[in-house]
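Undergrad: I'd like to go over a predicted model; first the sequence, then the structure.
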Amino acid sequence: MIFYIIKKELKEIFRDGRFRISAGIVLLLAIIAFFITFKQYKNTTLQYDEAKKSERRVWESQGEKNPHSAAHYGNYVFKPKSPLSLIDQGVDKYTGISVFLEAHSRNEAGYSDAADQTALSRFGELTPDFILLYIIPLILILIGYNTFSKEIEGNTSFILKSQGVTGWKLVIGKWLAVLIPSVTITTILFVTAGIVLSNMDNYGLFEWKEICFLYLVYLLYYLIFTNIVLFISSLVKKSGISLVINLVFWVLACFVAPKVASDLADTRYPYPTHQEFNEQIAEENKKGLDGHDPWSDKAQQLKAEMLKKHKVDSLHKLPFNFNAYLMQKSEEHQAEVFAKHYSILKQQAKKQDDVYKSLASISPFLPTRFLSMAIANTDYQSHWDFSEAAEEYRVDVQRFLNGTTEKNSKYGERYVAPADTWKKLKEFEYVSPTFKEVFKQNTSIFLILVLWFVISSIVLFFTNKTY
Amino acid sequence: MIKTSNLTKKYGDFTALENLNIEIKEGEILCLLGANGAGKSTTINLLLNFIAPTSGSAYINGLDVTKHPKKTKPYLTYIPENLMLYPTLTAIENLDYFLGIGGKSFSKTELRSFLGQAGLQEEAFEKRVQYFSKGMRQKVGIALAIAKEAKVLLLDEPTSGLDPKSSNEFGELLKNMKLANVAMLMATHDIFRAKEIGTHIGIMKEGVLKHHFLNDDITLQDLEKVYLETMTVNEEAL
């Protein structure tokens, strides 16, 4: 029976001119979006590779130089593009993918794609995640809004009932028929992305299990949407009303809910302004050691401690360069201040994230969006992870540079490091969180999505008393 | 094949059908005459188990329709006043679908044969039914009954709105079904058609079966007279 229902429903769907046109447009958009994103992904990855090599080349070819000058000269580190950013670019576009590392300062990631674009970019881009998150649910609505109401409007429900159709089989058949076209488009998109990514060399570590899980997330999203669309269609007797209710649900779920969640999170746990944040850090830095001010009380205290510890009466007699030591201690203090304030900021971000995620239950769009970005390593958590790795590396760089001066010179000497010193600094290699780590962090979100599916299925299958 | 026992349907204080007792055997056609609201369609809806009786029972092939709603369905075919099919599907596809959901599968050749037996012209077999007249759609319904080898045919004013030629063709089809031993219950306003094809004729009013005749026991003129008298009794009293 189910086979006959699917066959008949699909025939009706494919013979409907509206579906053929819209499905054709969506498929075309999906191909264009995929092609554009693929081109961007390839370009960005090539640029990343070139920038990384060029940056290292510049760093290594500094010649003979004072290490602290090298520390101020600074260097850039870059966040590699995650392979699955081909499907979901997440917040990468806005957060920036490079950080300038220098002495005494923790800089934010910069050079975001959005900053390089015109104001028109505010209208959004044609990307695969846009198609997957917004357009395919719309196709599901277009296919499914009249699934049950058309039987009542067309008076076919009586003859159906007289043939002894079984309610749950009818629902399953119609449910599968509505899903098949959208799932086909999604499958084509994911399989193409998987094949393309698995055949690319030097474009990040691609794993099939990640893309398969991402596919599962989107599949759940569509199953939920289909359940809701069919439920609405079974509730109302007129297809026009069903279409309007479905579209209202789509707008609420995909556009209003994320805005409400975001505004609520921001209102409840606001971020300090950039100015406030920098002032707080500067204020606290002033209270500690300043490597450039050997006459400060703190520097004098450190000097006294060192002289006492090494039982000497002059800084010249210390077995290391005190100025470099002072500089390192100052860096350590500043690093602590940065860590403290960024930790507060991170906690605030986490609280915002928690509010945002706790609202995942108000719309199936939210958990899908979170999981999609998380698996693609393009979410805000991934940005934090990169920022912290960059800061850790910056602290290591300062330790290496100050340590070089400290070990190779005495107090009062102007140390010039040999040209081969810079090669000794280990390169920055950012490793994204593993799939296991990402899944662990997002288990609750995944469960919310599963819950959405279970509840919407129960509602659809157990409340349908039409047949 | 079709039997009702004190079948009653009430909606609050309104009685749509009261203590209906009928029995239609194989090869018999009971034509129920009556004005709108007489209880004809209610009887059919109760036999289809579309609505539940307030009291009494309805049986199809010996099975209580409320207790065995699914088991009774393979035995019957229902043709409503305006049989609606899926407009974007062809006659063959519609027939295939309705038979399929009833658990029966046939080859395309067999489906064509059923449609042919139901009197549908061959060139219409592969046409989308959105272009079909009411008469053509009714023929697809008859094809469904033929294919199912239905023992019971429930017809709710099937000839209303049909032109005389189509109505006559439809009557002939029902006669053929009668020869195939199908038990039929037809609700109709058409006294002439009822006299022509029915083996039994009933006249209903306000949910009650007022008269029940064997076709051979009454002439068309007498039937018309009784029908008109039955319909006007209360009006005169008023």
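TA: Great, that's in hand.
Undergrad: chain neighbours aside, what residue packs nearest to residue 71?
TA: Defaulting to chain A. Excluding the flanking residues, the one nearest residue A:71 by C-beta to C-beta, 6 or more residues apart in numbering or on different chains is residue A:103, at 3.8 Å. In short, each C-beta sits where N, CA and C put it, glycine included.
Undergrad: nope, chain B
TA: Nearest non-adjacent residue to residue B:71, counting by C-beta to C-beta, 6+ apart: residue B:63, 5.5 Å away.
Undergrad: contacts only, for the residue positioned nearest the centre of chain B.
TA: Geometric centre of chain B, nearest residue: residue B:155, 1.4 Å, by C-alpha atoms, centre = their mean. Residues in contact with residue B:155 (C-beta atoms under 8 Å, 6 or more residues apart in numbering or on different chains) are B:78, B:79, B:174, B:184, B:185, B:186, B:187, B:188.
Undergrad: now the helices: where do they sit in chain B?
TA: In chain B, the helices defined using DSSP state H lie at B:40-47, B:69-72, B:91-101, B:108-117, B:134-148, B:164-179, B:191-197, B:220-237.
Undergrad: which parts of chain B sit against chain A?
TA: Residues of chain B lying close to chain A by C-beta under 8 Å from any C-beta of the partner chain are B:48, B:50, B:69-70, B:73-74, B:76-78, B:80, B:82-89, B:93, B:96-98, B:100-103, B:141, B:154.
Undergrad: pull out the buried members of those.
TA: By neighbour count, with 16 or more other C-beta atoms under 10 Å in any protein chain shown, these hold B:48, B:50, B:69, B:73-74, B:76-78, B:80, B:83-89, B:93, B:96-98, B:100-102, B:141, B:154 as buried.
Undergrad: just the strands from the stretch 1-150 of chain A, written as ranges.
TA: Applying DSSP state E, counting those that start in this stretch to the stretch 1-150 of chain A gives strands spanning A:75-78, A:98-101.
Undergrad: so where is the stretch 151-300 of chain A shaky, pLDDT-wise?
TA: Applying pLDDT under 70 to the stretch 151-300 of chain A flags the ranges A:202-204.
Undergrad: count the residues that sit near the residue of it found nearest chain B.
TA: Nearest residue of the stretch 151-300 of chain A to chain B: residue A:164, at 2.9 Å (C-beta to the nearest C-beta). Neighbours of residue A:164 under the rule other C-beta atoms under 10 Å in any protein chain shown: 20.
Undergrad: then residue A:41?
TA: 23.
Undergrad: contacts only, for residue B:88.
TA: Contact analysis of residue B:88 by C-beta under 8 Å, 6+ apart lists A:11, A:12, A:15, A:16, B:128, B:130.
Undergrad: mind listing what the fourth one touches?
TA: Right, residue A:16. Contacts of residue A:16 (C-beta under 8 Å, 6+ apart): residue B:88.
Undergrad: against residue A:146, how distant is it?
TA: 10 Å (C-beta to C-beta, to the nearest Å).
Undergrad: then residue B:53?
TA: Distance, residue B:53 to residue A:146, using C-beta to C-beta: 33 Å.
Undergrad: repeat for residue A:460
TA: Going from residue A:460 to residue A:146 by C-beta to C-beta gives 16 Å.
Undergrad: the more surrounded of the two?
TA: residue A:146 (23 against 20).
Undergrad: related to what we said a few turns ago, tell me what the residue nearest to residue B:71 is bridged to.
TA: Judged by DSSP bridges, the bridge partners of residue B:63 are residue B:60.
Undergrad: re earlier: and which of the contacts of residue B:155 is nearest residue B:149?
TA: Relative to residue B:149, the closest of the contacts of residue B:155 is residue B:184; by C-beta to C-beta it sits at 14.3 Å.
Undergrad: what about that closest one, how many residues nearby?
TA: Neighbour tally, residue B:184, other C-beta under 10 Å: 26.
Undergrad: residues of chain A that sit close to chain B?
TA: Chain A has residues A:1, A:3-5, A:7-8, A:11-12, A:15-16, A:154-156, A:158-166, A:170 near chain B, with proximity defined as C-beta under 8 Å from any C-beta.
Undergrad: beta-bridge partners for the closest residue to residue B:218 other than its chain neighbours, please?
TA: Closest residue to residue B:218 apart from its sequence neighbours, by C-beta to C-beta, 6+ apart: residue B:201 at 7.1 Å. Applying DSSP bridges to residue B:201 gives these bridge partners: residue B:31, residue B:213.
Undergrad: wait, doesn't residue B:201 sit right on residue B:28?
TA: No. Using C-beta atoms under 8 Å, residue B:201 makes no contact with residue B:28, being 11.3 Å away.
Undergrad: so between those two, which is more surrounded?
TA: The residue with more neighbours, out of residue B:201 and residue B:28, is residue B:201; 25 against 20, by other C-beta under 10 Å.
Undergrad: list the contacts for the more buried one?
TA: By C-beta under 8 Å, 6+ apart, the contact set of residue B:201 is B:30, B:31, B:33, B:194, B:195, B:211, B:212, B:213, B:215, B:218, B:223.
Undergrad: what's the spacing between it and residue A:58?
TA: According to C-beta to C-beta, residue B:201 and residue A:58 sit 104 Å apart.
Undergrad: tell me which element the nearest residue in space to residue A:331 that is not next to it in sequence falls in.
TA: Spatial nearest neighbour of residue A:331, excluding adjacent residues (C-beta to C-beta, 6+ apart): residue A:398 at 4.4 Å. Element membership for residue A:398 (DSSP states H and E) is helix A:380-408.
Undergrad: ok now that helix, how far from the chain's centre?
TA: 23 Å (C-alpha atoms, centre = their mean, to the nearest Å).
Undergrad: name the residues of it that are buried.
TA: Buried-residue list, helix A:380-408, by 16+ other C-beta under 10 Å: A:380-387, A:389-391, A:393-395, A:397-398, A:400-402, A:404-406, A:408.
Undergrad: now stretch B:154-169
TA: B:154, B:155, B:156, B:157, B:158, B:159, B:162, B:166, B:167, B:169.
Undergrad: which residue would be the closest one in the stretch 1-150 of chain A to chain B?
TA: Counting by C-beta to the nearest C-beta, the stretch 1-150 of chain A gets nearest chain B through residue A:4, at 3.1 Å.
Undergrad: tell me how many other residues surround that residue.
TA: 21.
Undergrad: so it sits against residue B:101, correct?
TA: Yes. Assessed by C-beta under 8 Å, residue A:4 is found in contact with residue B:101 at 5.4 Å.
Undergrad: quick one, what contacts residue B:58?
TA: With contact taken as C-beta under 8 Å, 6+ apart, residue B:58 is in contact with B:3, B:4, B:5, B:7, B:46, B:47, B:49, B:64, B:65, B:66.
Undergrad: for the residues you listed, work out which two are farthest apart.
TA: Longest span within these, C-beta to C-beta: B:5 and B:49, 15.2 Å.
Undergrad: and these two? Which one has more around it.
TA: Shown here are residue B:5 and residue B:49; by other C-beta under 10 Å, residue B:49 has more neighbours (22 against 16).
Undergrad: re the thing from before, quick check, the residue nearest to residue A:331 in contact with residue A:70.
TA: No. Using C-beta under 8 Å, residue A:398 is not in contact with residue A:70; the gap is 10.3 Å.
Undergrad: just give me the neighbour total for residue B:172.
TA: By the criterion of other C-beta under 10 Å, residue B:172 has 13 neighbours.
Undergrad: in the stretch 1-150 of chain A, where is pLDDT below threshold?
TA: Those would be A:109-124, if you go by pLDDT under 70 across the stretch 1-150 of chain A.
Undergrad: do a quick rundown of the helices in it.
TA: Assigned by DSSP state H, counting those that start in this stretch, the helices in the stretch 1-150 of chain A fall at A:2-15, A:17-60, A:67-73, A:92-95, A:128-130, A:136-144, A:149-153.
Undergrad: residue closest to the middle of chain A?
TA: Short answer for chain A (C-alpha atoms, centre = their mean): residue A:379, at 1.6 Å.
Undergrad: mind checking pLDDT for that one?
TA: For residue A:379, the pLDDT comes out at 86.
Undergrad: my guess is it contacts residue A:90, does it?
TA: Yes. Counting by C-beta under 8 Å, residue A:379 does reach residue A:90; the two are 5.3 Å apart.
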